[in-house]
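[1] just the structure for this:
(one chain, ligands or ions: 1)
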Amino acid sequence: MKEMAKGMYSILGEGAFEYLAKAQAQERKGEEVLHFEIGQPDFPTPQHIKDSAFESIRNNFTGYVAATGILDLKHAIQDEIEQTRGFRPTEKQVLILPGAKPGIFFTMLGLVNPGDEVIYPDPGFPTYGSVVQYLDAGDVPVQLKEENEFRLNPDDIEERITEKTKLIILNSPQNPTGSVMTKAEIESVAELAEQNNIFILSDEIYSKMLYEASFHSASVRDESKERTIILDGFSKSYAMTGWRLGYVVGPEEVIERMGTLMINALSCTTSFVQKAGITALKGTQEPLKMMMEAFLERRNAIVKGLNSIPNFSCLSPQGAFYTFPNIKKTGMTSREMANHILYNAGVCCLPGSSFGKGGEGYLRFSYATSVDTINQAIKQIKESLQ
Ligand SMILES: Cc1ncc(COP(=O)(O)O)c(C=O)c1O
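    Got it, this is the predicted structure:
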């Protein structure tokens with residue numbers, strides 16, 4: 001066979017799907033597995049959101065729609081950004097996409113040339129580094145340090161800025177550590193980007209999933225008019241991972257060109273799913289509130305449980321639904337420990353190293369499961385390590 005395009009050899013998969021497959025192989029052998037690998041809420045999509053999609057289908061709202069998104073959902077997103085980020089974007093600043101992930105891919109495809117450098121958090125969402133490699137761009141991971149509660153330190157970013165830096169990726173609340181950057185930290189990064197004329201992709205998919213901390217957006221200085229692309233969506237906050245609905249808010253010129261990328265790749269985002277998105281934003285927020293109350297209880301249970309395992313230590317995450325315990329004192333690598341736990345304790349979590357080199361020595365647990373399952377998993381892990 002002739003060689004494929006270069007990028008096809010450097011684009012990477014995702015640890016979550018790798019470990020899900022391993023867990024399923026165990027289950028096929030008749031083993032019971034407690035699941036902590038996949039980053040999706042275990043709650044069903046709220047009924048009123050589902051009803052809204054059913055109604056749209058019944059009304060035959062099933063054809064192609066405007067490539068950049070239906071106007072009513074754009075208006076709902078304008079309202080949402082005004083309420084949560086403190087400014088009202090124009091319609092032309094909003095692009096609706098099938099999920100948040102295409103927002104990462106299209107933003108990077110749209111802004112980064114081969115050789116441009118991209119600064120991103122390590123450990124971090126694997127898509128960032130993977131797409132950097134796919135685009136043959138300069139890979140500049142910035143280590144998140146446990147001493148700084150895994151918050152990205154603006155000084156570490158400043159040190160890595162060069163003439164070639166094109167894009168800084170922020171993610172707060174963060175996957176995989178659950179860290180939340182402070183207002184001052186976010187503002188410092190936004191200021192650095194402004195001073196050095198660099199784009200920011202601010203992945204704010206967990207913006208509604210916070211415990212003690214409060215949310216701050218990197219759009220604070222430019223209102224997404226010059227350099228900041230806000231990425232948000234419906235997958236996590238509204239338990240809609242399979243629906244595929246997300247959006248970006250950015251400078252009009254960038255959004256217009258990304259819309260053209262969108263036409264070529266996808267034509268548009270599913271019509272009736274967008275209608276359900278309006279209901280999600282405009283309808284009751286009670287299901288989200290209840291989900292976050294459950295996640296808080298689970299967070300407390302899992303942090304306590306993980307800290308009770310000898311040689312494990314675990315910070316209390318401030319957002320999202322992930323914990324990132326340190327296992328360095330066990331003397332095992334992340335992968336060795338994740339495999340040990342899967343095959344000897346029947347608990348599936350992810351090696352921290354599947355989120356970048358900076359994740360070595362840690363594990364990631366997605367606590368989208370009941371407190372009983374959490375307590376059972378902790379018990380089984382403890383037994384397997386005795
Ligand atoms: C940080 C981060 N960004 C983006 C996404 C992708 O979201 P979506 O499922 O809407 O594409 C995820 C999903 O796990 C995520 O953790």
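[2] settle this for me: residue 222 is touching residue 228, isn't it.
    Yes. Counting by CB atoms under 8 Å, residue 222 does reach residue 228; the two are 5.4 Å apart. C-betas here are computed from N, CA, C, even on glycine.
[3] identify the contacts common to the two.
    Shared contacts of residue 222 and residue 228, defined by CB atoms under 8 Å, 6 or more residues apart in numbering, comprise residue 190.
[4] out of those two, which sits in the more crowded spot?
    residue 228 (26 against 17; other CB atoms under 10 Å).
[5] give me the phi and psi for that one.
    Backbone geometry at residue 228, expressed as degrees, to the nearest 10, gives phi -100, psi 120.
[6] isn't it right up against residue 190?
    Yes. Using CB under 8 Å, residue 228 is in contact with residue 190, at 7.1 Å.
[7] excluding chain neighbours, what is closest to residue 207?
    residue 215 (5.1 Å; CB to CB, 6 or more residues apart in numbering).
[8] burial of that neighbour, as a residue count?
    Using other CB under 10 Å, residue 215 has 19 other residues around it.
[9] next, the contact list for it, please.
    84, 172-173, 180, 204, 207-208, 319.
[10] which residues of the stretch 151-300 of the chain lie near the ligand?
    Residues of the stretch 151-300 of the chain found near the ligand, taking CB under 6 Å from any ligand atom as the criterion, are 171, 175, 203, 205, 233, 235, 241, 246.
[11] need the helices for the chain, in chain order.
    15-28, 47-58, 71-85, 101-111, 126-134, 154-160, 183-196, 252-266, 271-282, 286-307, 334-340, 371-385 (DSSP state H).
[12] who's in contact with the fourth one?
    Read it as helix 101-111. Contacts of helix 101-111 (CB under 8 Å, 6+ apart): 95, 97, 118, 125, 127-128, 131-132, 135, 137, 166-167, 199, 201, 203, 229, 231, 233, 246-248, 250, 254, 257-258, 261-262, 265-266.
[13] please redo it, this time with the cut-off set to 7 Å
    When contacts are defined by CB atoms under 7 Å, 6 or more residues apart in numbering, helix 101-111 is touched by residues 97, 127-128, 131, 135, 166-167, 199, 201, 203, 229, 231, 246, 248, 254, 257-258, 261-262.
[14] quick check, it touching the ligand?
    Yes. Using CB under 6 Å from any ligand atom, helix 101-111 reaches the ligand at residue 101.
[15] and that helix with helix 126-134, angle?
    In terms of direction (axes from the mean of the first three to the mean of the last three CA atoms, to 10 degrees), helix 101-111 departs from helix 126-134 by 30 degrees.
[16] ok, now the third one?
    Taking the same axes, to 10 degrees, helix 71-85 and helix 126-134 form an angle of 110 degrees between their directions.
[17] show me what helix 71-85 is packed up against.
    Judged by 3 or more CB pairs under 7 Å, 6 or more residues apart in numbering; DSSP states H and E, the packing partners of helix 71-85 are strand 94-97, helix 271-282.
[18] deepest-packed of the ones you listed, please.
    strand 94-97 (a mean of 27; mean count of other CB atoms under 10 Å).
[19] picking up where we left off before, which of the contacts of helix 101-111 are buried?
    Neighbour counting by 16 or more other CB atoms under 10 Å classes 97, 127-128, 131, 135, 166-167, 199, 201, 203, 229, 231, 246, 248, 254, 258, 261-262 among the contacts of helix 101-111 as buried.
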